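> my questions concern the predicted model and sequence given below.
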Amino acid sequence: WHHDVVMSTYLFAVNASKYVMYPQEYRRPDNSVVPIANYHFDVDQDGPFFNATNAVRNVPLMFEALESYFGRYPYTTYGHVAVSPVPFGGMEHQTMTTVNRIWLNGSYDLGYAHEVAHHWIGDDVTCATWSDIWLNEGGASWSEALYDEYRFGRDGYMAVMNRNRSGYLQRGLAEPPIYDIPIANIFNVATTYYKASWVYHMMRRMVGDSVFFPVLRDYIAAYAKGSAQTYEFQAFLKARIPTP
């Protein structure tokens with residue numbers, strides 16, 4: 001087995017079990033296809049509680065939505081592997097996301113969208129240091145809102161963003177800032193995920209979609225298959241976004 005695209009070391013994992021594979025595909029208007037391979041236990045394919053067919057039904061739509069914002073998916077394949085027991089939800093291992101088996105209960109649509117989005121913001125361009133983890137997790141958390149915006153319009157977008165705001169306000173003021181969080185607390189949900197998603201939202205609203213999304217796509221292209229620090233992201237935006 002080999003992977004022919006450069007990969008950050010923390011995005012590598014091996015999962016092994018007696019799985020079945022449920023195939024999907026994302027087909028673009030030009031008829032190019034991204035194969036999607038979903039691995040899970042046989043009993044979970046169409047079970048009464050864990051039901052993979054239902055849980056991943058919208059994954060092709062997530063690709064359609066996120067490509068409209070970020071540009072072409074940067075890899076040739078994608079997939080999920082369900083594991084249990086684990087103390088986390090999902091992890092964006094490059095082209096084969098690991099998800100908690102509980103996600104197969106059909107209640108984690110935005111979680112799947114989060115992990116798909118990481119393949120632009122977190123995998124194709126990853127954080128250069130753990131101090132910059134907000135770039136990854138804030139971007140993917142914000143992408144959950146983008147996915148619902150694509151489906152439901154502005155109300156869908158703001159419903160997710162307001163959920164994030166409420167989550168931050170519950171305890172975020174007692175937590176460290178989004179940048180340079182202590183290593184033991186880097187996956188602080190209130191700041192690394194919720195507040196950081198609002199930083200992306202703020203930048204979008206400050207300059208407007210017609211400016212922000214083209215520049216964001218240019219940033220992803222410029223740092224593709226590499227890493228970036230917060231100051232580099234900031235400098236890139238400042239160099240390309242006119243000052244009001």
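Now that the structure is in, tell me what you want to look at.

> and the longest helix seen in the chain, what does it pack onto?
Under DSSP state H, the helix in the chain containing the largest number of residues is helix 133-152. In terms of contacts (3 or more C-beta pairs under 8 Å, 6 or more residues apart in numbering; DSSP states H and E), helix 133-152 is packed against helix 59-70, helix 109-118, strand 125-127, helix 154-171, helix 196-207, helix 230-240. To be clear about C-beta, it is placed using only N, CA and C from the backbone, and glycine gets the same treatment.

> may I see the buried residues of that helix?
By neighbour count on 16 or more other C-beta atoms under 10 Å, the buried set for helix 133-152 is 133-150.

> with stretch 6-24 instead?
Of the residues in stretch 6-24, Ser8, Leu11, Tyr19, Tyr22, Gln24 count as buried by neighbour count, 16+ other C-beta under 10 Å.

> Pro85: what's it in contact with?
Going by C-beta atoms under 8 Å, 6 or more residues apart in numbering, Pro85 touches Arg101.

> one more: the one 5 residues further on?
For Gly90, the set of contacting residues under the criterion of C-beta under 8 Å, 6+ apart consists of Thr97, Thr98, Val99, Asn100, Trp103, Tyr108, Gly111, Tyr112, His114, Glu115.

> show me what contacts the nearest residue to Pro182 once chain neighbours are set aside?
Ranked by C-beta to C-beta, 6 or more residues apart in numbering and with sequence neighbours excluded, the top spatial neighbour of Pro182 is Pro176, at 6.5 Å. Taking C-beta under 8 Å, 6+ apart as the definition of contact, the neighbours of Pro176 are Pro182, Asn185, Asn188, Thr191.

> mean pLDDT added to the helices and strands packed on helix 133-152, as TSV?
Output for the helices and strands packed on helix 133-152, formatted as TSV (pLDDT from 0 to 100):
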stretch	mean pLDDT
helix 59-70	98
helix 109-118	98
strand 125-127	98
helix 154-171	97
helix 196-207	98
helix 230-240	97
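
> I'd like to know which of the ones you listed is closest to His2.
strand 125-127 (20.2 Å; C-beta to C-beta).

> now do the closest one: which elements does it pack against?
In this structure, strand 125-127 packs against helix 133-152, strand 226-228, with contacts taken as 3+ C-beta pairs under 8 Å, 6+ apart.

> for Gln45, which of the ones you listed is the nearest?
When those are ranked by proximity to Gln45, the top entry is helix 133-152, at 24.7 Å, counting by C-beta to C-beta.

> quick one: the nearest residue to Val20 once chain neighbours are set aside from Phe50, how far?
Beyond its immediate neighbours in the sequence, the residue positioned closest to Val20 (C-beta to C-beta, 6+ apart) is Asp42, lying 4.7 Å away. Asp42 is 11 Å from Phe50, where distance means C-beta to C-beta, to the nearest Å.

> cool, Thr77 as well?
With distances defined as C-beta to C-beta, the gap from Thr77 to Phe50 amounts to 24 Å.

> neighbour count: the two, which is higher?
Phe50 (21 against 13; other C-beta atoms under 10 Å).

> which residues touch that one?
His40, Phe41, Val43, Asp44, Arg101, Leu104, Asn105.

> in which helix or strand would I find it?
Phe50 belongs to no helix or strand when assigned by DSSP states H and E.

> Gly89 versus that one, what's the distance?
Where Gly89 is concerned, Phe50 sits at a distance of 15 Å (C-beta to C-beta).

> next, give phi and psi for the residue nearest to Val207 when sequence neighbours are not counted.
Nearest residue to Val207 in three dimensions, chain neighbours excluded: Ile241, at 5.4 Å (C-beta to C-beta, 6+ apart). Recorded main-chain torsions at Ile241 are phi -110, psi 120, according to degrees, to the nearest 10.

> so where's this structure uncertain?
For the chain, applying pLDDT under 70 flags the ranges 244.

> against Pro242, how distant is the nearest residue to Lys195 once chain neighbours are set aside?
Beyond its immediate neighbours in the sequence, the residue positioned closest to Lys195 (C-beta to C-beta, 6+ apart) is Tyr168, lying 4.9 Å away. To Pro242, Tyr168 is 30 Å away according to C-beta to C-beta.
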